[in-house]
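Novice: Need coordinates for the following:
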Amino acid sequence: QVQLVESGGGLVQAGDSLRLSCAASERTFSSYAMAWYRQAPGKEREFVAVISGSGRSTSYADSVKGRFTISRDNAKNTVYLQMNSLRSEDTAVYYCAARQGGNVDSWGQGTQVTVSS
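Specialist: The predicted structure is shown next:
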């Protein structure tokens, strides 16, 4: 199973930017699609973005499209989530996930993002 460690969360103001990182232990990192999910207090975990193993294909939730960008560096076994124009409704714990065949194989421990208005 892939070990995933997120970093980069924090407290920011509305309109600010933040970049999350997720480092993976797996040497076959490029064989996994990588995704970000988030869970706000009292809500279910929801999909944010996904990137293919090669990095050539990405997909986003409508709520973040145009503001967030997912990218990956396979040489560093790391996936990123650049978050711009943050809103209070983006406040959540953000989780990195390794996916194969459309299913989540591994989850990270999560990193808190808090956006104050």
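Novice: now the end-to-end length of stretch 47-59.
Specialist: 10 Å (CA to CA, to the nearest Å).
Novice: ok, and for that stretch, which residues are buried?
Specialist: For stretch 47-59, a neighbour-count test (16 or more other CB atoms under 10 Å) marks Val48, Ala49, Val50, Ile51, Gly53, Gly55 as buried. From N, CA and C alone the C-beta is placed, and that goes for glycine too.
Novice: will you turn these into CSV that also has distance to Gly108 and secondary structure?
Specialist: Output for the buried residues of stretch 47-59, formatted as CSV (distance: CB to CB, whole Å; DSSP: H, G, I helix; E, B strand; the rest coil):
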residue, distance to Gly108, secondary structure
Val48, 13, strand
Ala49, 14, strand
Val50, 14, strand
Ile51, 15, strand
Gly53, 17, coil
Gly55, 19, coil
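Novice: which strand in the protein runs the most residues?
Specialist: When the chain is parsed with DSSP state E, its longest strand is strand 92-100.
Novice: That one packs against which elements?
Specialist: Other helices and strands packing on strand 92-100, by 3 or more CB pairs under 8 Å, 6 or more residues apart in numbering; DSSP states H and E, are strand 4-7, strand 18-24, strand 33-39, strand 103-107, strand 111-116.
Novice: Compute the inter-axis angle for it and strand 18-24.
Specialist: Here strand 92-100 runs at an angle of 40 degrees relative to strand 18-24 (axes from the mean of the first three to the mean of the last three CA atoms, to 10 degrees).
Novice: Partner strands of strand 92-100, with direction?
Specialist: strand 33-39 (antiparallel), strand 103-107 (antiparallel), strand 111-116 (antiparallel) (DSSP bridges).
Novice: Quick one: closest of those strands to Asn84.
Specialist: strand 111-116 (11.8 Å; CB to CB).
Novice: on that earlier part again, weakest of the strands paired with strand 92-100 by average pLDDT?
Specialist: Set side by side, the strands paired with strand 92-100 give their lowest mean pLDDT on strand 103-107, at a mean of 94.
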